[in-house]
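>>> could you work out the structure for the sequence below:
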Amino acid sequence: MSQHNALLLLGSNLGDTEKNLNCALKRLEDSGCQIIKKTGFHFSAPVEFSSSHEFCNVAVYVNTVLSPLKLLELIKKIETEMGRTNDSLAAGKYEDRIIDIDIVKFRNLVFHSELLQIPHKKHLFERAFSQVLISELNQTVE
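Residues are numbered from 1 along each chain as shown. Coordinates of the predicted model:
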């Protein structure tokens, strides 16, 4: 089976945010995703909605045998199992969340469907916190 490299961004702004992110990363690993590189935790204000809860974020490169849609399926399962009740895309708005996992890049693939947009242009070009994380991840030496 082919291994695919994917860039994921994770965020949490409810509860013990660092613990939430570590739990999500462990679930990814337990499901067969190999974490190749990881940034440190970064804290930022919510983007595109108002909240008094700061986000804790982390970026990772993973290797996976999953296709983009199967990886998205796994991510949604992890988010649901961890207690996330509303999907931002389905709800049409952003809100506080215990965990959020986004596929930012998947190899050099360009993919657009109702459920998934790769690359994730907001993270790559519009969100300052994402650009900081991606820059740090790309500077990290194994």
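>>> give me the buried positions along the host helix or strand of residue 20.
If you go by DSSP states H and E, residue 20 is part of helix 17-30. Counting neighbours by 16 or more other Cβ atoms under 10 Å, one finds that the buried residues in helix 17-30 are 17, 20, 21, 23, 24, 25, 27, 28. C-betas here are computed from N, CA, C, even on glycine.
>>> can you check stretch 124-137 too?
Neighbour counts over stretch 124-137 (16+ other Cβ under 10 Å) mark 127, 129, 130, 133, 134, 136, 137 as buried.
>>> does residue 132 touch residue 40 like I think?
No - using Cβ atoms under 8 Å, residue 132 is not in contact with residue 40; the gap is 10.7 Å.
>>> for the protein, what helix or strand is lowest in average pLDDT?
When the helices and strands of the chain are compared on mean pLDDT, DSSP states H and E, helix 88-91 comes out lowest with a mean of 53.
>>> give the other helices and strands that the helix or strand following it contacts.
Using DSSP H and E, the next helix or strand after helix 88-91 towards the C-terminus is strand 100-106. Other elements packing on strand 100-106 under the criterion 3 or more Cβ pairs under 8 Å, 6 or more residues apart in numbering; DSSP states H and E are strand 4-12, helix 68-81, strand 117-118.
>>> so the longest one versus strand 4-12, what angle?
Here helix 68-81 points in a direction 20 degrees away from that of strand 4-12 (axes from the mean of the first three to the mean of the last three Cα atoms, to 10 degrees).
>>> what's helix 68-81 packed up against?
Using 3+ Cβ pairs under 8 Å, 6+ apart: helix 68-81 touches strand 4-12, helix 17-30, strand 100-106.
>>> convert that helix to CSV, retaining C-alpha atoms only.
The C-alpha coordinates for helix 68-81 follow below in CSV (Å, rounded to 0.1, in the frame of the first residue of the first chain):
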residue,chain,number,x,y,z
PRO,A,68,-8.2,11.9,1.5
LEU,A,69,-11.9,11.0,2.0
LYS,A,70,-11.1,8.0,4.2
LEU,A,71,-8.7,10.2,6.3
LEU,A,72,-11.5,12.8,6.6
GLU,A,73,-13.8,10.0,7.7
LEU,A,74,-11.3,9.0,10.4
ILE,A,75,-10.9,12.6,11.5
LYS,A,76,-14.7,13.1,11.8
LYS,A,77,-14.9,9.9,13.9
ILE,A,78,-12.2,11.1,16.2
GLU,A,79,-13.8,14.5,16.6
THR,A,80,-17.2,12.8,17.4
GLU,A,81,-15.7,10.3,19.8
